[in-house]
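Chemist: here are the coordinates; sequence isn't available:
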């Protein structure tokens, strides 16, 4: 007799689910001849008691008594092309070292009920990081882990960001990776977990953070396994008022899949191409294969994965990798998949943030169905390219004009109705990866990124991004003037690790830049206009290297005026139009942060008067002092 069908019904979850003194097993393998569930609960035997029963939809299922939490298991699949073990595509945790067996898990994490609510989209400031490379106190023995990220959450809260965005954390095949070659979508990356033997010191460190928030401590058993360690990151982030965004790769999977992965899952012959591989088409991308969006089961697998991450890990949103590949290489079904995905997630969790990467930028990605794909926001590159262009050209030892007009045009990409529908920033994981483009400080002064030229131009780049329309995004280290490219391979490129030691040693240049970033981010919370929908370019002058723009919130008089100056000398008496007459306060001056507090600061003494001299389409204007390489912000 095959495994019991007790507790099996149309709603039985996929994968292994604990209940009633055992576990149900369900897996999609429509062309398999037979499938067994084998594990610790039956001594990995293939017999009648472990044989699953196929239904009319190609799902194999059964109930096996005696299965327990943390039991190891696999599916043994016999097909027309081969036979052997396969990992459960829905496995919630995997045994280390990878590749190895699946682990049955219960949802046993004890959350702190903090009442955290995902921020409104216009209140997002995103900090992007790679778990393995962000903070690595245990090198060379081990790269960064989820709990290492958790230890830095108070630092990120003090910085003022409202969301951290992790590069992909689903299990990938190699020891080092950016994460875009994942193969096991429901299990976190094993290399990001702390082994049981090393947990006591980590738990004590994390518990000190909980003590500071007046929250109950974790027990060691609460953090055993990478599932719960990732949950601790989310839990602690929420306790500190920070949302968590995961990076999902639904355009393709894999690189080196391995024989026990979801590749050719029902073990069909491999000679007819990749279409026999069940989950994939024969189109390749980034060393892997594009998902077959024409199959309802594949679409459901990916949508259920996103729902699982929302429910199991309580994350606040997703960054969806290369949606353009889903659309183009997944045609004719990819666009409809995106619509189904976003509609389902919005209904399942109202307020969830869905950000799409789509190249070239396509505003329809943020339009609602039936015309649009239904995402909330999209990565854009126009402002990033424009900022990097003017910063790089400003480093030339001459007085050439800069494309400030082009910079002005890039501040609001064409086709987007709301400013939170696009995400912008001068650095990200792709751009400043090893052997690609330089980080902003080095772009500002290639010979010496720590010079005044490099520091001041880095302040200008960040100042533009954090006051411009759009959701600003920082890349790890940007806030403390990191001037090196980065790598996910922390063993081979240890020289590219973030320079945390500089902060620990009170490196003044790093601390000054960190202060600048903190206070600029906090300015956004003090002045709602910097998060408002109102925007207007006031003035752009290529020859003088000056840009001014206005931000406001509809129905209020809380306008702010941002003035950017990219000349390496002070400019005096430069007249700019103002949206109203009378006194305006100089609420931010980036020059103050040069050797904080700058004893030679240039500026306007904290206030200016706008007189009745019409200019730049306004009835009033004021003659300003513009510090060299600076960003000024004025408010009424």
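Modeler: Everything's here; your move. All figures in this text were calculated on a predicted structure; none of them were measured in a lab.
Chemist: and residue 222, how many residues sit next to it?
Modeler: Close neighbours of residue 222, defined as other C-beta atoms under 10 Å, add up to 19. Placement of C-beta: from N, CA and C, glycine included.
Chemist: ok, it - contacts?
Modeler: By C-beta atoms under 8 Å, 6 or more residues apart in numbering, the residues touching residue 222 are 109, 110, 228, 232.
Chemist: run the last query once more with 10 Å
Modeler: Neighbouring residues of residue 222 by C-beta atoms under 10 Å, 6 or more residues apart in numbering: 108, 109, 110, 199, 203, 206, 228, 229, 231, 232, 235.
Chemist: Ok, residue 294 next?
Modeler: 281, 330, 331, 332, 333, 334, 336, 337.
Chemist: Go again with 6 Å.
Modeler: Shown in contact with residue 294 (C-beta atoms under 6 Å, 6 or more residues apart in numbering): residue 333.
Chemist: Starting from residue 316, give me the distance back to the spatially most central residue of the chain.
Modeler: Taking C-alpha atoms, centre = their mean, the centroid of the chain lies closest to residue 165, which sits 2.7 Å from it. Distance from residue 165 to residue 316, counting by C-beta to C-beta, to the nearest Å: 10 Å.
Chemist: shouldn't residue 485 be in contact with residue 437?
Modeler: No: counting by C-beta atoms under 6 Å, residue 485 stays clear of residue 437, with 8.0 Å between them.
Chemist: What are the phi and psi values at the residue nearest to the centre of the chain?
Modeler: The phi/psi pair for residue 165 (degrees, to the nearest 10) reads phi -120, psi 110.
Chemist: so what's it bridging to?
Modeler: Per DSSP bridges, residues listed as beta-bridge partners of residue 165: residue 128, residue 245.
Chemist: change the start of the numbering to 429 and stick with it
Modeler: Right, with 429 as the first residue, what we last looked at is residue 593.
Chemist: Does it touch residue 558 like I think?
Modeler: No: the criterion here is C-beta under 6 Å, and residue 593 misses it with residue 558 at 10.2 Å.
Chemist: Residue 913 and residue 865: which has the busier surroundings?
Modeler: residue 913 (18 against 15).
Chemist: and residue 889, that's in a strand?
Modeler: No: Residue 889 is assigned helix when assessed by DSSP: H, G, I helix; E, B strand; the rest coil, not a strand.
Chemist: residues touching it, list them.
Modeler: 815, 819, 854, 868.
Chemist: host element of residue 1037?
Modeler: strand 1035-1038 (DSSP states H and E).
Chemist: Which neighbours in the sheet does that strand have, and how are they oriented?
Modeler: Strand 1035-1038 sits in its sheet next to strand 1010-1017 (antiparallel), going by DSSP bridges.
Chemist: Just the residues contacting the strand it pairs with, thanks.
Modeler: Residues contacting strand 1010-1017 (C-beta under 6 Å, 6+ apart): 951, 1031, 1032, 1034, 1035, 1036, 1037, 1038, 1060, 1061, 1062, 1063.
Chemist: Who's the closest spatial neighbour of residue 812, skipping the chain neighbours?
Modeler: Excluding its sequence neighbours, the residue lying closest to residue 812 (C-beta to C-beta, 6 or more residues apart in numbering) is residue 854, at 5.5 Å.
Chemist: what sits against that neighbour?
Modeler: 812, 815, 816, 868, 889, 893.
Chemist: got a winner among the residues you listed for most neighbours?
Modeler: residue 868 (29 neighbours).
Chemist: if I read this right, that one contacts residue 885, doesn't it?
Modeler: No: applying C-beta under 6 Å, one finds residue 868 not in contact with residue 885, separated by 7.3 Å.
Chemist: any idea how far residue 727 is from residue 636?
Modeler: From residue 727 to residue 636 the distance is 44 Å (C-beta to C-beta).
Chemist: neighbour count winner among the two?
Modeler: Set residue 727 next to residue 636 and count neighbours by other C-beta under 10 Å: residue 727 wins out with 21 against 12.
Chemist: That one touches residue 765, doesn't it?
Modeler: Yes: if you go by C-beta under 6 Å, residue 727 and residue 765 touch, sitting 5.3 Å apart.
Chemist: mind listing the helices for the stretch 879-1028 of the chain?
Modeler: 880-895, 928-932, 936-954 (DSSP state H, counting those that start in this stretch).
Chemist: Buried residues of stretch 1034-1047, list them for me.
Modeler: By neighbour count on 16 or more other C-beta atoms under 10 Å, the buried set for stretch 1034-1047 is 1036, 1038, 1043, 1044, 1046.
Chemist: Also stretch 867-881?
Modeler: 867, 868, 869, 870, 871, 872, 873, 877, 880, 881.
Chemist: any chance of the residues you listed in JSON lines, with distance to residue 567 too?
Modeler: JSON lines is the format used below for the buried residues of stretch 867-881 (distance: C-beta to C-beta, whole Å):
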{"residue": "867", "distance to residue 567": "21"}
{"residue": "868", "distance to residue 567": "26"}
{"residue": "869", "distance to residue 567": "24"}
{"residue": "870", "distance to residue 567": "24"}
{"residue": "871", "distance to residue 567": "28"}
{"residue": "872", "distance to residue 567": "29"}
{"residue": "873", "distance to residue 567": "29"}
{"residue": "877", "distance to residue 567": "24"}
{"residue": "880", "distance to residue 567": "33"}
{"residue": "881", "distance to residue 567": "32"}
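Chemist: Max pairwise distance over these: which two?
Modeler: The span of those, defined through C-beta to C-beta, is set by 867 and 880 at 17.0 Å.
Chemist: quick one, strands of the stretch 829-978 of the chain?
Modeler: 850-852, 899-903, 962-969, 974-980 (DSSP state E, counting those that start in this stretch).
Chemist: Average pLDDT for stretch 874-886, rounded please.
Modeler: Averaged across stretch 874-886, the pLDDT comes to 97.
Chemist: Repeat that for stretch 897-906.
Modeler: 98.
Chemist: just how off-centre is it within its chain?
Modeler: How far stretch 897-906 lies from its chain's middle: 11 Å, per C-alpha atoms, centre = their mean, to the nearest Å.
Chemist: from the contacts of residue 650, which is closest to residue 569?
Modeler: Using C-beta to C-beta, the contacts of residue 650 come closest to residue 569 at residue 627, 14.7 Å.
Chemist: Give me the pLDDT value at that closest one.
Modeler: Residue 627 is given a pLDDT of 96.
Chemist: OK, contacts around residue 848?
Modeler: By C-beta under 6 Å, 6+ apart, the residues touching residue 848 are 549, 550, 899.
Chemist: CSV please, covering those and showing neighbour count and distance to residue 698.
Modeler: Shown next, in CSV, are these (neighbours: other C-beta atoms under 10 Å; distance: C-beta to C-beta, whole Å):
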residue, neighbour count, distance to residue 698
549, 19, 45
550, 18, 50
899, 26, 44
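Chemist: want to try a markdown table for the residues you listed, with distance to residue 521 as columns?
Modeler: Output for the contacts of residue 848, formatted as a markdown table (distance: C-beta to C-beta, whole Å):
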| residue | distance to residue 521 |
| --- | --- |
| 549 | 32 |
| 550 | 37 |
| 899 | 33 |
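Chemist: which one of those residues sits closest to residue 834?
Modeler: residue 899 (21.5 Å).
Chemist: if I pick the closest one, what's in contact with it?
Modeler: 552, 848, 851.
Chemist: That one and residue 697: what is the separation?
Modeler: From residue 899 to residue 697 the distance is 48 Å (C-beta to C-beta).
Chemist: Which strands or helices does whichever strand or helix holds residue 774 pack on?
Modeler: Assessed by DSSP H and E, residue 774 sits inside helix 762-776. Packing contacts for helix 762-776, counted by 3 or more C-beta pairs under 6 Å, 6 or more residues apart in numbering; DSSP states H and E, involve helix 724-741, helix 751-756.
Chemist: Can you list the buried residues in that helix?
Modeler: 762, 763, 764, 765, 766, 767, 768, 769, 770, 772, 773.
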